[in-house]
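S.K.: quick one: sequence plus predicted model below, questions after.
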Amino acid sequence: MNRDQIAEVLTEIAVLLELKGENPFKARAYTNAARTLQSLNRPLDELFAPGAEHIKGIGESIHDRIVEMLAKGKCAYYEELKASMPPGLLEMLNIPGLGPKKIKALYEKLGVETVDQLEKACLAGKVAVLDGFGEKTQSKIVEGIKFRQQYASRHLLSDALAVAEPILENLRSHPDVIRCSTAGSLRRSKEVIGDIDFLVSSKNPAEIIAFFVNQPGIMNVTAKGETKASVFMGGGIQADLRVVSDAEFPFALAYFTGSKEHNIVMRQRAIQRGLRLNEYGLFKSDVETRDPKLLVSCKTEEEIFQKLDLAYVPPEMREDHGEFVAAEKNKMPRLIEWTELKGSLHNHSNWSDGRETLEEIAQHMQELGLAYWAITDHSKSSFQANGLDPARLRKQLPEIKKINDKLAKDGDEFRLLTGSEVDILNGGKLDFDNDLLAELDVVVASVHQGFTQSEEEMTKRIIKAVENPYVHILGHMTGRLLLEREPYKLNQHAVIDACAATGTWIELNSNPYRFDMDWRLWQYAKEKGVKCVINCDAHKNEHAGFLRLGAGMARKGWLEKSDIINTLPLKALLVELKKKRQKLA
DNA sequence: GCCGTTTTCGGCCCGACTGTTTTCAGTCG
């Protein structure tokens, strides 16, 4: 079992324990262990080797369960727990308003075991008469079930941004708004978003709440209080607004930006210093009070970190992924800014499955102020994408040269680069011969077929491809499509090691469905000295905008300008593109 | 179930909102 699978079992154990009504802290211990596991960078077989160092948050009994899962691929305790519970109960947790306690009551008092049975019980009026339930709860459950059938609860970052940005603009222009921001996973630039969080400071919260719930695009209002409102937007994205005083704003912003894991450590640091931190402020002593006289004043998030003896941690890094160690030692990376990117080295034209012509692409990218743009159309085996055979590719090269000659004649700095996104075939052979690859400025190698190979075969296949001296970049390493397709099985650490050994760059594919390689692995890659290329994988000119999203992911991976190849100006890039060939050829 | 330089027992982040109550439990973030 891999890291994700083990973490999922631990998380499910926690849920099952809650449903059983066990000690909630026992359940939390499993949740914490799952999180701890996800935040560790080193390979699992090292972390759980006999005699390995103790991991904080994973005690004796959970440690043994993880070792069992690594060895046997299953966990007896989990199987046992699962067997003792109807499987439909877990699904009920997805219904808004239903938690472990209520589900347990429904199960014990009505014998409800599935979402279907629950819906029927509600429609028959059996739920409303239970202790602790009522008419409203009953109809909310029915609504919740219908809603879940209609919409997903998780959304792509790009979709969430498209909904959030116009509302943020509207809030910003409201005269009663002093400061405002998005918060939560959107501000942290997570690849997948649950809901959108807005935060506003104002002297007139009632006015702001009323303004917010009347924004265009809101389907219904699910909660509306004095300082907080929740709504559903078109597309089924939930959005929450909090309104606080301006003095509270930095604390609320830090609090609601999270992540939860990050906040827990922040709170603990406050407690260690005889302080108490919450969304309203940083208070002296842990006395139960909100007396403003006891407030440690901070006007910005930066000052909060300062008071807890930390350097400022940018939102993207607030995942409890090592940021506290770095911020304590004042060794924070200076994260990449998307405006530092000079172009993209993996893109398509209408020669394969892209939309625009070479001329249209060149003109658009030049107008955006970029320095270069590589045309890397698909190779022949990607026939579904109208991949180029060697003859067509050799025909494309002079077309690109013609465009570049004209640009040079006009005195323009911008250049198209020739290239290919060459398929990594089964067994690791590339779809083009080396003599053709040698004619290209940029070679991206990617897997597009044979996704179901074993981890061992896939790992060997990709390592063989990156060992080719003409491959500059490994494209979308895992082939995942967020919310749609799982990554193929792969030992990513081994592939990163191979890229380090051969001087191959790894792509951070900025298509919002991909964001591949995952941000969680970039710290490891960086340690190994592997360079990143933030690529659009553009199929339309408007996909150039993915550079901004990709830079957000790179920031989550702690990457700096110097870690990223496509921050280089054209001349320096051309030098770098020759290095691997000189070294290995 | 995990943790500990005041602790090996007694804590474990905590506040808003809702709905059901009539002072609070459950859920959510």
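M.R.: Here it is on my side, so go on. Residues are numbered from 1 along each chain as shown, chains lettered A, B, ... in the order given.

S.K.: alpha carbons only for contacts and neighbour counts from here, please
M.R.: Noted.

S.K.: phi, psi of the residue in the stretch 201-350 of chain A that DNA strand B sits nearest to?
M.R.: Of all residues in the stretch 201-350 of chain A, A:A223 sits closest to DNA strand B, at 3.1 Å by Cα to the nearest atom of the strand. The phi and psi values for A:A223, taken as degrees, to the nearest 10, are phi -150, psi 140.

S.K.: let me know how buried it is, in neighbour terms.
M.R.: Neighbourhood size, A:A223 [other Cα atoms under 10 Å]: 11.

S.K.: now whatever residue of the stretch 101-250 of chain A ends up closest to DNA strand B. Nearest residue, chain neighbours left out?
M.R.: Closest residue of the stretch 101-250 of chain A to DNA strand B, Cα to the nearest atom of the strand: A:G134 (2.5 Å). For A:G134, ignoring the flanking residues on the chain, the nearest one in space by Cα to Cα, 6 or more residues apart in numbering is A:A128 at 4.1 Å.

S.K.: in contact with the one you found, which residues?
M.R.: Contact analysis of A:A128 by Cα atoms under 8 Å, 6 or more residues apart in numbering lists A:C122, A:G134, A:E135, A:K136, A:T137, A:Q138.

S.K.: buried stuff in the host helix or strand of the fourth one?
M.R.: Element membership for A:K136, per DSSP states H and E: helix A:135-150. When neighbours are counted by 16 or more other Cα atoms under 10 Å, the buried residues of helix A:135-150 are found to be A:T137, A:Q138, A:S139, A:K140, A:I141, A:V142, A:G144, A:I145.

S.K.: from A:S153, how far off is the fifth one?
M.R.: The spacing between A:I141 and A:S153, counted by Cα to Cα, to the nearest Å, is 16 Å.

S.K.: re earlier: show residues contacting the helix holding A:K136.
M.R.: Outside helix A:135-150, the residues that reach it (Cα under 8 Å, 6+ apart) are A:I95, A:P96, A:G97, A:L98, A:V115, A:E119, A:C122, A:L123, A:G125, A:V127, A:A128, A:V129.

S.K.: next one: that helix to chain centre, how far?
M.R.: Relative to its parent chain, helix A:135-150 has a centroid offset of 29 Å by Cα atoms, centre = their mean, to the nearest Å.

S.K.: just the CA atoms of it, as PDB, please.
M.R.: Taking C-alpha atoms only, helix A:135-150 is exported to PDB below (Å, rounded to 0.1, in the frame of the first residue of the first chain):
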ATOM      1  CA  GLU A 135     -39.000  19.300  10.900                       C
ATOM      2  CA  LYS A 136     -36.200  21.600   9.700                       C
ATOM      3  CA  THR A 137     -33.500  19.000  10.100                       C
ATOM      4  CA  GLN A 138     -35.700  16.500   8.300                       C
ATOM      5  CA  SER A 139     -36.300  18.700   5.300                       C
ATOM      6  CA  LYS A 140     -32.600  19.800   5.200                       C
ATOM      7  CA  ILE A 141     -31.600  16.200   5.000                       C
ATOM      8  CA  VAL A 142     -33.800  15.700   2.000                       C
ATOM      9  CA  GLU A 143     -32.500  18.800   0.400                       C
ATOM     10  CA  GLY A 144     -28.900  17.800   1.100                       C
ATOM     11  CA  ILE A 145     -29.400  14.400  -0.500                       C
ATOM     12  CA  LYS A 146     -30.900  15.900  -3.600                       C
ATOM     13  CA  PHE A 147     -28.100  18.500  -3.800                       C
ATOM     14  CA  ARG A 148     -25.400  15.900  -3.500                       C
ATOM     15  CA  GLN A 149     -26.900  13.900  -6.300                       C
ATOM     16  CA  GLN A 150     -26.700  17.000  -8.500                       C
END
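
S.K.: remind me what the helix or strand just after it packs against, helices and strands.
M.R.: Once the chain leaves helix A:135-150, the next helix or strand it forms, by DSSP H and E, is strand A:155-156. Applying 3 or more Cα pairs under 8 Å, 6 or more residues apart in numbering; DSSP states H and E, one finds that strand A:155-156 makes contact with strand A:192-193.

S.K.: do the strand it packs on and DNA strand B meet at all?
M.R.: No. Judged by Cα under 7 Å from any atom of the strand, strand A:192-193 stays clear of DNA strand B, getting no closer than 11.3 Å.

S.K.: partners of that strand in the sheet?
M.R.: The pairing partners recorded for strand A:192-193 under DSSP bridges are strand A:155-156 (antiparallel).

S.K.: which parts of the stretch 1-150 of chain A sit against DNA strand B?
M.R.: Counting by Cα under 7 Å from any atom of the strand, the residues of the stretch 1-150 of chain A close to DNA strand B are A:23, A:25-30, A:33, A:55-63, A:93-103, A:128, A:130-138.

S.K.: just name the shakiest helix or strand of chain A by mean pLDDT.
M.R.: strand A:295-296 (a mean of 79; mean pLDDT, DSSP states H and E).

S.K.: check which element follows that strand along the chain.
M.R.: Per DSSP H and E, the helix or strand that comes after strand A:295-296 is helix A:301-307.

S.K.: how far is whatever helix or strand comes next after that next one from where the chain is centred?
M.R.: Next helix or strand after helix A:301-307 toward the C-terminus (DSSP H and E): helix A:323-328. Remark: helix A:323-328 is offset 21 Å from the chain centroid, using Cα atoms, centre = their mean.

S.K.: do stretch A:366-379 as well
M.R.: Once both centres are worked out by Cα atoms, centre = their mean, stretch A:366-379 turns out to sit 25 Å from its chain's centre.

S.K.: average pLDDT across that stretch?
M.R.: What stretch A:366-379 shows for mean pLDDT is 97.

S.K.: list the buried residues in it.
M.R.: So for stretch A:366-379, counting by 16+ other Cα under 10 Å, buried means A:Q366, A:L370, A:A371, A:Y372, A:W373, A:A374, A:I375, A:T376, A:D377, A:H378, A:S379.

S.K.: for stretch A:172-185, same thing?
M.R.: A:R172, A:D176, A:V177, A:I178, A:R179, A:C180, A:S181, A:T182, A:A183, A:G184, A:S185.

S.K.: swap in stretch A:519-535?
M.R.: For stretch A:519-535, the buried set under the neighbour-count rule, 16+ other Cα under 10 Å, comprises A:519-526, A:529-535.

S.K.: likewise for stretch A:444-452?
M.R.: Buried residues in stretch A:444-452, counted by 16+ other Cα under 10 Å: A:V444, A:A445, A:S446, A:V447, A:H448.
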